[in-house]
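> quick one: sequence plus predicted model below, questions after.
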Number of protein chains: 2
Amino acid sequence: VKGRASWRGRKVLVTSGATREHLDPVRFLSNASSGRMGHALAAAARARGARVTLVTGAAEVPPPKGVRVVPVGSAREMLAACLKALPGMDAVVAAAAVGDFRPASPSARKIKKTGKPLTLKLVPNPDVIAAISARKKKGRPLTVGFALETHDLLDNAREKLAKKNLDLVVANGPESLRGETTKAMLLAKNGGVAFYTGAKTGLAERIFDVLGESL
Amino acid sequence: VKGRASWRGRKVLVTSGATREHLDPVRFLSNASSGRMGHALAAAARARGARVTLVTGAAEVPPPKGVRVVPVGSAREMLAACLKALPGMDAVVAAAAVGDFRPASPSARKIKKTGKPLTLKLVPNPDVIAAISARKKKGRPLTVGFALETHDLLDNAREKLAKKNLDLVVANGPESLRGETTKAMLLAKNGGVAFYTGAKTGLAERIFDVLGESL
């Protein structure tokens, strides 16, 4: 594979896991990401000889050895950690399931239950991969986004590719969230489309194979 | 210790972990429980010879060997699983961090982000340990609740003990949520108050010691 050798010494940033958006000191809004995909990506890049920074939210699996791990909580913390790590990166693969919303006014105390309904105002979070893509110069870093959709997968993924100026979008359904395996569609900037079914570790290899051709 | 031997052959129900209340297929409201306290309780009861059912939400640690594990998602699923397991139980120890609220109208599709704020209506969840306590006959099963408070710990714990008709309340702060150790106050129905600082496994032993005196 042409792309395989070319990762040696490259700098790769991977995001992984789920962000947590607190509404009070104990409660938060999150999502069912296990961190398996992101951690597999970090391991794959490392195995190719890249220098890997893994910015990760909550995950059910431990991070791989040999990568620099930056643990974060919220989406805004993830964005800050990514922007700090960004200079000199050759590729950024954003596999984290970033919360799109956060509570508008988190409480410093645990919200007491009163037996009555509660209205929670949510505000949009910054878009981590879009913010990174917006800083591209001469096409660098290469950026890869994930699209998790329950409906209109292809349309939503195409829109994401264009709107966020990504080099590759990996689109999958919610059934890919927890397990060891996944079913994904890869949409490249050049119009290429590929399908993948199998282990997340294998998808990680495929992503770096595809990306390696653009290095 | 008087209570230690008396657990042989007793039936114990333990709840553990964090419930998850979905707002759509990928997003949920949850809390930072690691499952360490509940899992330690299940292991302690098992080690004393009890027959243990562990009803558990999301947890960062695997359940102990030798107990019957019932995995659940939401608070309502936890309540249903507990009520089903309840007949014949000698003690119920509710260490799970049960979500007090759930989204009023969860969406079957992933909610699309629009860049605009979102208002989320939450409704109260059933109170699992209160519902179990309400079914007590002749003081059985013994019921133990946990009170996680950021403020007015003692007052809130006392109120919980009385209002939910519990035999024991274990009160602690949010700093106890994640780690291996904890700092707790034990309030017994008979007015006894004890303090504990140390490993969660040690607190689990202490709870069954105290409870054993009422068996």
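Great, that's in hand. From a predicted model like this one, the values you see are computed outputs, not experimental measurements.

> if I look at the residue positioned nearest the centre of chain A, how far off is residue B:84?
In chain A, the centroid-proximal residue (C-alpha atoms, centre = their mean) is residue A:95; its distance is 2.2 Å. Distance of residue A:95 to residue B:84, given as C-beta to C-beta, to the nearest Å: 38 Å. (C-beta placed from N, C-alpha, C; glycine too.)

> chain B contacts on chain A?
Residues of chain A found near chain B (C-beta under 8 Å from any C-beta of the partner chain) are A:20, A:23-32, A:60, A:97, A:99-101, A:104, A:108-111, A:113-124, A:148-151, A:174, A:177.

> those helices in chain A, which residues are they?
For chain A, the helices defined by DSSP state H cover A:2-5, A:36-47, A:75-85, A:128-133, A:153-163, A:200-212.

> dump these into TSV; add mean pLDDT and mean neighbour count as well.
Shown next, in TSV, are the helices of chain A (pLDDT from 0 to 100; neighbours: other C-beta atoms under 10 Å in any protein chain shown):
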stretch	mean pLDDT	mean neighbour count
helix A:2-5	61	12
helix A:36-47	97	26
helix A:75-85	98	19
helix A:128-133	97	21
helix A:153-163	91	16
helix A:200-212	95	21
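
> nearest to residue B:36 among these would be which one?
helix A:36-47 (22.1 Å; C-beta to C-beta).

> angle of that closest one against helix A:200-212?
Here the directions of helix A:36-47 and helix A:200-212 differ by 60 degrees (axes from the mean of the first three to the mean of the last three C-alpha atoms, to 10 degrees).

> not counting its own residues, what contacts helix A:36-47?
The contact list for helix A:36-47, computed with C-beta atoms under 8 Å, 6 or more residues apart in numbering or on different chains, reads A:7, A:10, A:12, A:14-17, A:52, A:54, A:56, A:59-64, A:66-67, A:91, A:93, A:95-96, A:146, A:176, A:178-180, A:182, A:200-201, A:203-205, A:207-208.

> repeat the analysis, applying 6 Å as the threshold.
A:12, A:14, A:16, A:52, A:54, A:61, A:63-64, A:66-67, A:93, A:95-96, A:200-201, A:204-205, A:208 (C-beta atoms under 6 Å, 6 or more residues apart in numbering or on different chains).

> same question for stretch A:74-84.
A:19, A:21, A:55, A:70, A:72, A:98-99, A:125-126, A:128, A:131.

> same check on stretch A:61-70?
Outside stretch A:61-70, the residues that reach it (C-beta under 6 Å, 6+ apart) are A:35-36, A:39, A:42-43, A:46, A:52-55, A:81.
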